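Asker: What would the 3D arrangement of this be:
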Amino acid sequence: MRKVVLAAIALSLVACNDNDSPNGPSDDPIVFTVQLNAQNEVPAVTNAESNATGTATITFDVPVDSAGAVTGDGTVTFTVQMNGFSAGSVATLAHIHPGAVGVNGSPLIDTGLTPGAPVNLTNGSGNFTRTTPISQQNAAQIAANPAGFYFNVHTLLNPGGAIRGQLVRQP
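Answerer: Numbering: from 1, shown residues only. Take a look at the predicted model:
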């Protein structure tokens, strides 16, 4: 009987070895979604890209403690889908900015998308995935108040921003 109990304990320890103990750190990523729309830009887009939309999933791979607080640097992965653009549009930049709805802010976290390595929206749509570093400070600020940050994509036609949306943290 004692061997059965020890085997059961050992098996449960192996099965739970995913760093998700309620008393210890978690290795689960912090995930945000963003609904992107040209009308969310400030000012709203009124040219040929005014019907542009998209979605973004932003995933922070950072260490967190048992209370969910970010405890170190990590990476952020951006997975972005864009559509409704004019054929031949070119996405040149994309960032997370501080700013509530209707408020513009300076870029805080860059995706690595550049005018030298853009995404061509040949048929009016396209997507990209980029992973870049993120500091503990930036990850903690965004995780604590995602609605205070927005993500947007810039194009040649709208260098100030073509589509934008606020971050929403996923459970």
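Asker: What residues are bridge-paired with the residue most central in space within the chain?
Answerer: For the chain, the residue whose C-alpha lies nearest the mean C-alpha position (Cα atoms, centre = their mean) is residue 58; its distance is 1.8 Å. When bridges are taken as DSSP bridges, the partners of residue 58 come out as residue 32, residue 78.
Asker: Now do the contacts for it.
Answerer: The neighbours of residue 58, taking Cβ atoms under 8 Å, 6 or more residues apart in numbering as the test, are 31, 32, 33, 34, 76, 77, 78, 79, 96, 151, 167. Heads up, the C-betas are built off the backbone N, CA and C, glycines and all.
Asker: Determine the number of other residues adjacent to the last one.
Answerer: Here the count is done by other Cβ atoms under 10 Å, and residue 167 has 19 residues near it.
Asker: That one against residue 35, yeah?
Answerer: No: applying Cβ atoms under 8 Å, one finds residue 167 not in contact with residue 35, separated by 10.2 Å.
Asker: Out of the contacts of residue 58, which end up buried?
Answerer: Taking 16 or more other Cβ atoms under 10 Å as the criterion, what is buried in the contacts of residue 58 is 32, 33, 34, 76, 77, 78, 96, 151, 167.
Asker: Now render those residues as a markdown table, adding distance to residue 161 and pLDDT.
Answerer: As requested, the buried ones among the contacts of residue 58 are exported to a markdown table (distance: Cβ to Cβ, whole Å; pLDDT from 0 to 100):
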| residue | distance to residue 161 | pLDDT |
| --- | --- | --- |
| 32 | 18 | 98 |
| 33 | 19 | 98 |
| 34 | 13 | 98 |
| 76 | 19 | 98 |
| 77 | 21 | 98 |
| 78 | 15 | 98 |
| 96 | 12 | 98 |
| 151 | 10 | 98 |
| 167 | 15 | 98 |
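Asker: Not counting its neighbours along the chain, what's nearest residue 170?
Answerer: Nearest non-adjacent residue to residue 170, counting by Cβ to Cβ, 6 or more residues apart in numbering: residue 31, 4.4 Å away.
Asker: Would you enumerate the residues in contact with the one you found?
Answerer: Under the criterion of Cβ under 8 Å, 6+ apart, the neighbours of residue 31 are 57, 58, 59, 60, 169, 170.
Asker: And for residue 125?
Answerer: Taking Cβ under 8 Å, 6+ apart, one finds 81, 82, 83, 84, 85 in contact with residue 125.
Asker: count of residues packed around the nearest residue to the second one once chain neighbours are set aside?
Answerer: Leaving out its chain neighbours, the residue that sits closest to residue 82 by Cβ to Cβ, 6+ apart is residue 54, at 4.0 Å. By other Cβ under 10 Å, 27 other residues sit near residue 54.
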